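**Q** sequence? don't have it. structure:
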């Protein structure tokens with residue numbers, strides 16, 4: 001179904017079999033019945049409030065504007081920052097890649113109206129930069145907001161889930177908001193698809209188990225970065241890029257017998273260049289694409305029996321792909337007869353020995369794949 005605009009959720013009720021949602025539009029109110037409902041409706045989430053889920057946290061005493069504008073007077077080669085270190089009057093103007101727009105970000109007083117017209121923003125820029133040659137021609141989008149750091153007490157109530165800003169809000173410092181929300185959606189998305197296809201409903205409990213601790217840590221990080229920004233500091237280190245996030249403590253991370261591997265269950269699956277059977281260059285990430293699970297057998301002899309929803313890839317000179325320069329072995333720390341199970345969202349579920357495939361792997365896949373695939 002394509003996205004529907006001009007519609008508003010006015011209420012919902014759930015029972016043991018599904019959710020009945022009331023939707024209002026210009027033609028009146030309609031009832032939609034579904035097995036699950038996902039609230040992605042922002043920091044003021046109607047879904048979260050309807051569930052009476054607490055949104056613990058604090059207001060941080062900072063109000064700011066953000067506006068996507070067309071302007072003249074600045075080049076598009078870099079971010080432009082003025083009055084660095086002046087927490088109340090600094091202003092940042094950055095080019096938005098792939099567009100002809102710039103984004104203006106600036107703190108504003110806690111009270112009072114803010115003029116977001118082209119003339120008003122031009123005057124603000126002039127006041128804070130001391131330059132009259134920077135002129136805002138038009139405003140594509142703008143907002144004034146107060147910064148909060150808040151986290152929903154629960155991500156799931158029965159058949160209803162909270163995702164993105166409906167589950168967590170935080171300062172924009174560091175730029176983790178969109179990334180975290182997309183990761184929420186992908187984490188829940190593949191699990192919902194599996195359950196709708198027949199996997200055990202308990203798989204959905206791992207959404208909150210895995211994603212809520214990530215958001216809690218992210219709120220702490222962005223709040224620290226906000227304090228640094230007030231002092232004129234900005235940093236984009238590895239922690240900010242979120243490449244090391246993982247789920248080692250998750251109930252979906254299986255502890256196998258291969259302890260010497262460089263990655264373990266719950267770690268982000270590394271990419272590595274390799275070659276296809278015909279010699280064509282490819283990468284592991286190309287093999288991981290799609291909604292399926294992937295089982296990599298490194299220099300293994302026997303291929304396990306096929307299973308619906310599981311892609312089996314043998315790595316070796318006689319296999320499906322060739323690790324001719326050892327990049328896969330180096331990235332994962334693999335030896336002969338090691339197996340890597342990769343989740344649909346690109347995280348390692350387990351590193352296993354061949355002896356563990358018959359029982360440990362079979363029992364694990366019964367938890368995450370539809371019953372029809374057994």
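**A** It's in. Everything numeric in this text was worked out from a predicted model, so none of it was measured.
**Q** only C-alpha atoms for contact and neighbour calcs from this point on.
**A** Will do.
**Q** measure how buried residue 149 is and give me the count.
**A** Neighbours of residue 149 under the rule other C-alpha atoms under 10 Å: 20.
**Q** just checking, it touches residue 177?
**A** No. The criterion here is C-alpha atoms under 8 Å, and residue 149 misses it with residue 177 at 11.5 Å.
**Q** between these two, what contacts are shared?
**A** Residues touching both residue 149 and residue 177 (C-alpha atoms under 8 Å, 6 or more residues apart in numbering) are 169, 170.
**Q** poorly predicted segments of the protein, please.
**A** Residues of the chain meeting the criterion pLDDT under 70: 173-176, 221-242, 372-374.
**Q** can you list the domains in it?
**A** According to automatic domain parsing, the chain comprises the domains 8-54+155-241, 61-148, 273-373.
**Q** just send those back as a markdown table, with distance to residue 262 too.
**A** Shown next, in a markdown table, are these (distance: least, C-alpha to C-alpha, whole Å):
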| stretch | distance to residue 262 |
| --- | --- |
| domain 8-54+155-241 | 19 |
| domain 61-148 | 36 |
| domain 273-373 | 5 |
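**Q** of these, give the one that comes closest to residue 263.
**A** Among these, the nearest to residue 263 by C-alpha to C-alpha is domain 273-373 (5.7 Å).
**Q** got the buried residues for stretch 280-300?
**A** Residues of stretch 280-300 classed as buried: 284, 288, 291, 292, 293, 294, 295, 296, 297, 298, 299, 300 (neighbour count, 16 or more other C-alpha atoms under 10 Å).
**Q** likewise for stretch 39-59?
**A** 39, 40, 41, 42, 43, 45, 46, 47, 48, 51, 53, 55.
**Q** between the residues you listed, which is nearest residue 84?
**A** Closest to residue 84 out of the buried residues of stretch 39-59 is residue 43 (29.1 Å), distances taken as C-alpha to C-alpha.
**Q** just the element for residue 312, please.
**A** Per DSSP states H and E, residue 312 falls inside strand 310-315.
**Q** packing partners for the next helix-or-strand element following that strand?
**A** The C-terminal neighbour of strand 310-315 among helices and strands, as given by DSSP H and E, is strand 321-322. When contacts are defined as 3 or more C-alpha pairs under 8 Å, 6 or more residues apart in numbering; DSSP states H and E, strand 321-322 sits against strand 273-276, strand 310-315.
**Q** picking up where we left off before, among the buried residues of stretch 280-300, which are in helices?
**A** Among these, DSSP state H puts 284, 288 in helices.
**Q** how about the buried residues of stretch 280-300 in CSV, adding distance to residue 247?
**A** Converted to CSV, the buried residues of stretch 280-300 look like this (distance: C-alpha to C-alpha, whole Å):
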residue, distance to residue 247
284, 20
288, 18
291, 19
292, 19
293, 16
294, 18
295, 18
296, 20
297, 22
298, 23
299, 27
300, 27
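**Q** identify, from the buried residues of stretch 280-300, the entry nearest to residue 25.
**A** For these, the nearest to residue 25 is residue 291 (33.6 Å; C-alpha to C-alpha).
**Q** right, and residue 92 touches residue 102 too?
**A** No. Contact between residue 92 and residue 102 fails when scored by C-alpha under 8 Å: they sit 9.9 Å apart.
**Q** more crowded one of those two?
**A** Neighbours per residue, other C-alpha under 10 Å: of residue 92 and residue 102, the larger number sits with residue 102, 25 against 20.
**Q** what about that one, distance to residue 52?
**A** Distance, residue 102 to residue 52, by C-alpha to C-alpha, to the nearest Å: 39 Å.
**Q** equivalent analysis for residue 368, please.
**A** Taken as C-alpha to C-alpha, the span from residue 368 to residue 52 is 30 Å.
**Q** kindly report the same for residue 114.
**A** Distance of residue 114 to residue 52, given as C-alpha to C-alpha: 33 Å.
**Q** repeat for residue 200
**A** Per C-alpha to C-alpha, residue 200 is found 27 Å from residue 52.
**Q** check residue 324 too.
**A** Taken as C-alpha to C-alpha, the span from residue 324 to residue 52 is 56 Å.
**Q** and for residue 276?
**A** From residue 276 to residue 52 the distance is 53 Å (C-alpha to C-alpha).
**Q** same question for residue 92.
**A** For residue 92, the distance to residue 52 - C-alpha to C-alpha - is 38 Å.
**Q** over to residue 84?
**A** 41 Å.
**Q** need the contact list for residue 252.
**A** With C-alpha under 8 Å, 6+ apart, residue 252 has these contacts: 206, 266, 349.
**Q** from these, which single one is nearest residue 60?
**A** Among the contacts of residue 252, residue 206 lies closest to residue 60 (C-alpha to C-alpha), at 30.7 Å.
**Q** quick check, that closest one in a helix?
**A** Yes. Counting by DSSP: H, G, I helix; E, B strand; the rest coil, residue 206 is found in a helix.
**Q** in this structure it contacts residue 251, no?
**A** Yes. The pair residue 206 / residue 251 is scored as a contact, 7.3 Å apart, by C-alpha under 8 Å.
**Q** need the overlap of contacts for the two.
**A** Counting by C-alpha under 8 Å, 6+ apart, nothing touches both residue 206 and residue 251.
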